[in-house]
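K.L.:
Sequence and predicted model, in that order:
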Amino acid sequence: MRFLILTFAVLSFLGDVALAQQNPDASKQSGDTKKKKRPPFQWVNPLKEWDIKKSPNVLHKTFVSSSMKAEVGYCIYLPAQYSLQENREKRFPVVYYLHGGRPGSEKKSIRLSQFIDKHIQAGSVAPMIYVFVNGGPVSHYNMPDKPEAQGASVFIEELIPHIDKTYRTIARREGRGLEGFSQGGRGTARLMFRHPDLFCSAAPGGGGHATEKRISESGGAESETLVFTEGDNTWDLARSYAKSLKQDGAPTVRIYVHVGDKGFNYQNNLEWMGHLDSLGISYEKLIVPGAEHSAQQIYEADGLRIMKFHAKNFGL
C-alpha cells in the first residue's frame with residue numbers, strides 16, 4: 001500500500017511539473033484573474049479616507065437622475081479661490097473629466113487633482129473647476145436597448161445642468177471644457193464631436209481609436225456582447241463633425257490630443273490624427289516622451305500644458 005501511495009505521489013508531482021512547463025505562468029495568471037475581477041457597477045462611490053488625503057479640494061456629491069431613477073455620484077474639485085469672500089460673485093469655468101476603464105466610477109481619476117491643485121495654487125494657471133464624471137456601466141457610452149446603461153446621456157443631459165445650477169459656473173460653452181484618458185479619451189472624442197455646442201475646449205487622451213475604428217467598420221460592434229448605435233464612434237463622428245463645419249455659424253471645438261509615446265495606444269492615436277488631418281479638422285497635439293498608458297504620468301510630466309490649453313480657450 002505504501003508503495004502505491006508513493007508511486008501516485010511521484011506521478012502527481014511529475015504531472016504538475018509537466019503542466020508548469022507547458023504553462024509556467026498558470027498560477028500567476030490565476031492570481032491575475034482574481035486581481036482583475038471587476039467590482040460590480042455602482043452609480044455612487046463615496047470617497048474613502050485615503051481618497052480624501054490624496055485628492056486635495058475634491059468633494060463627493062450626488063444628484064438624483066430622473067432617467068436612472070437613482071442617485072448618481074460625481075466628484076468635484078473646487079479651487080481654494082472659489083470659497084474666498086472676495087470671489088463670492090465670481091463664476092468659474094468647468095472642465096469635465098472622463099475616467100478610463102470599465103465600468104464607471106466617479107473616483108477613478110480624482111488623483112489628478114494633486115497636479116491640478118498644485119498648478120492652480122502656484123498661480124501657473126487660472127482657477128478652474130474640475131468635475132469627475134461617473135461614465136456608467138459601459139463608460140461614457142449609451143447602450144441601445146439597455147436603459148440602465150446610458151452613461152453619455154446621464155452626463156450630458158443631467159449632470160451638466162445640475163452642476164450649472166448648483167455651483168458658480170460659467171454656464172455656457174465658452175466656459176465649458178471636456179477631457180479624458182483611455183476609455184475617457186474615447187468618450188471625450190465622441191462627445192466633443194456630437195456636442196460642439198456644449199464645449200469650446202476638448203482634450204482627448206490615449207484613446208483606443210483602433211477599437212473605435214473596428215466599431216465603425218463593423219456597424220457598431222466592439223465585441224459580440226457590446227454593440228453600439230451605428231455611427232457612434234470616433235471615426236464616423238469625426239466625419240459628421242467635418243461636414244457640419246461647412247455650415248455657416250457651426251460651433252467649433254478646439255482640440256488637444258495627448259498621448260504618451262510608450263503607451264499601447266500611441267500608434268493608433270497617430271493614425272486617428274491622420275484621419276482628422278484628412279478631414280480638415282484642426283487640432284493641437286501633445287506627445288509626452290517616455291510616458292506609458294497613464295494619465296498620471298502625462299499629468300506629472302506635462303499636465304500644466306493641458307490645463308493652459310483649456311484656460312486659453314476659456315479666455316483666461
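P.N.:
Noted; the coordinates are in hand.

K.L.:
where does the stretch 1-150 of the chain have low pLDDT?
P.N.:
1-36 (pLDDT under 70).

K.L.:
for stretch 264-276, what is the average pLDDT?
P.N.:
Computed over stretch 264-276, the mean pLDDT rounds to 98.

K.L.:
buried residues in that stretch?
P.N.:
For stretch 264-276, the neighbour count (16 or more other CB atoms under 10 Å) marks 265-266, 268-269, 272-273, 275-276 as buried. No exception for glycine: its C-beta is placed from N, CA and C like everyone else's.

K.L.:
Repeat that for stretch 304-316.
P.N.:
Buried residues in stretch 304-316 (16+ other CB under 10 Å): 304-311, 313-314.

K.L.:
The residues you listed in helices, which ones?
P.N.:
Per DSSP state H, helices hold the following members of these: 304-311, 313.

K.L.:
closest to residue 205 among those?
P.N.:
The nearest member of these to residue 205, counting by CB to CB, is residue 306 at 7.9 Å.

K.L.:
Can you tell me the closest non-neighbouring residue to residue 44?
P.N.:
Nearest residue to residue 44, sequence neighbours excluded (CB to CB, 6 or more residues apart in numbering): residue 73, at 4.0 Å.

K.L.:
returning to what we had before: switch the ones in helices among the buried residues of stretch 304-316 over to CSV; also include distance to residue 247 and pLDDT.
P.N.:
CSV is the format used below for those (distance: CB to CB, whole Å; pLDDT from 0 to 100):
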residue, distance to residue 247, pLDDT
304, 35, 98
305, 32, 98
306, 29, 98
307, 31, 98
308, 30, 98
309, 26, 98
310, 26, 98
311, 29, 98
313, 21, 98
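
K.L.:
Which residues are in contact with the residue most central in space within the chain?
P.N.:
In the chain, the C-alpha nearest the mean C-alpha coordinate belongs to residue 184, at 2.0 Å (CA atoms, centre = their mean). Residues in contact with residue 184, defined by CB atoms under 8 Å, 6 or more residues apart in numbering, are 97-100, 109, 135, 139-140, 205, 207.

K.L.:
can you pick the most crowded of those residues?
P.N.:
Neighbour counts for the contacts of residue 184, by other CB atoms under 10 Å, peak at residue 98, which reaches 33 neighbours.

K.L.:
Would you mind measuring from it to residue 279?
P.N.:
23 Å (CB to CB, to the nearest Å).

K.L.:
give the contact list for residue 305.
P.N.:
Each residue near residue 305 by CB under 8 Å, 6+ apart is listed here: residue 286.

K.L.:
Let me see the ranges of the helices in the stretch 151-300 of the chain.
P.N.:
Secondary structure of the stretch 151-300 of the chain (DSSP state H, counting those that start in this stretch): helices at 151-153, 160-166, 183-194, 209-217, 236-244, 266-279, 295-313.

K.L.:
how about the fifth one: buried residues?
P.N.:
Residues of helix 236-244 classed as buried: 236-239, 241-242 (neighbour count, 16+ other CB under 10 Å).

K.L.:
which one of those residues is nearest residue 127?
P.N.:
residue 241 (30.3 Å).
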